[in-house]
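S.K.: How does the following fold in three dimensions:
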Amino acid sequence: MAHGASSVSYGEASVSCSGSPAIACDGFLAAVDIIGRKWSSLVIQAIAKGCRTFSQISCYSNKLNDSSLSKRLKELEQQGIVKRTVIDARPPRTMYRLTQSGEELAPILDALEAWGSRHLPVGIASDGKTGG
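M.R.: Reported below is the predicted structural model:
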């Protein structure tokens, strides 16, 4: 390794720091793009915690409007995180569940929630304004 360079090991991966800017992993950027979209994490968390219908997911947060929820559910379905099932009944019902990929996100979001509870003041949004 060149003088002044260091190496950091994360599990089986090793990252070399040679003084040049770090380049983020494509997988990390793609994951953050999905869970970082407004309401996406909340929708995933709602389904992970047992919400199965549109109205249950909507009630999980009173700040999420129906249009935004519909858009997020469609995006998460296209990304293979949420599975939508239409039940043939009168009237027809639509149920949502997490795919295996979505289920793998649940403990990550739980950890993020726990971190936020420990380190961030309750009721403070990312823009610094109080919620409520």
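S.K.: Start from the N-terminal end of this protein and give the strands.
M.R.: 6-10, 13-17, 82-87, 93-98 (DSSP state E).
S.K.: Put the alpha carbons of the last one into PDB.
M.R.: Same thing as strand 93-98. Only the C-alpha atoms of strand 93-98 are listed here, as PDB (Å, rounded to 0.1, in the frame of the first residue of the first chain):
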ATOM      1  CA  ARG A  93     -60.400  -5.900  -2.000                       C
ATOM      2  CA  THR A  94     -56.700  -5.200  -2.400                       C
ATOM      3  CA  MET A  95     -54.200  -6.500   0.100                       C
ATOM      4  CA  TYR A  96     -50.500  -5.600   0.400                       C
ATOM      5  CA  ARG A  97     -47.600  -7.500   1.800                       C
ATOM      6  CA  LEU A  98     -43.800  -7.300   1.700                       C
END
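S.K.: what's the spacing between the closest residue to residue 52 other than its chain neighbours and residue 26?
M.R.: With sequence-adjacent residues excluded and distances taken as Cβ to Cβ, 6 or more residues apart in numbering, residue 52 is closest to residue 95, at 5.0 Å. C-beta: built from backbone N, CA, C; applies to glycine. In this structure, residue 95 and residue 26 are 33 Å apart, going by Cβ to Cβ, to the nearest Å.
S.K.: same deal with residue 104?
M.R.: Distance, residue 104 to residue 26, by Cβ to Cβ: 18 Å.
S.K.: Of the two, give the one with the bigger neighbour count.
M.R.: In this view residue 104 and residue 26 are compared by other Cβ atoms under 10 Å, and residue 104 has more residues nearby, 11 against 8.
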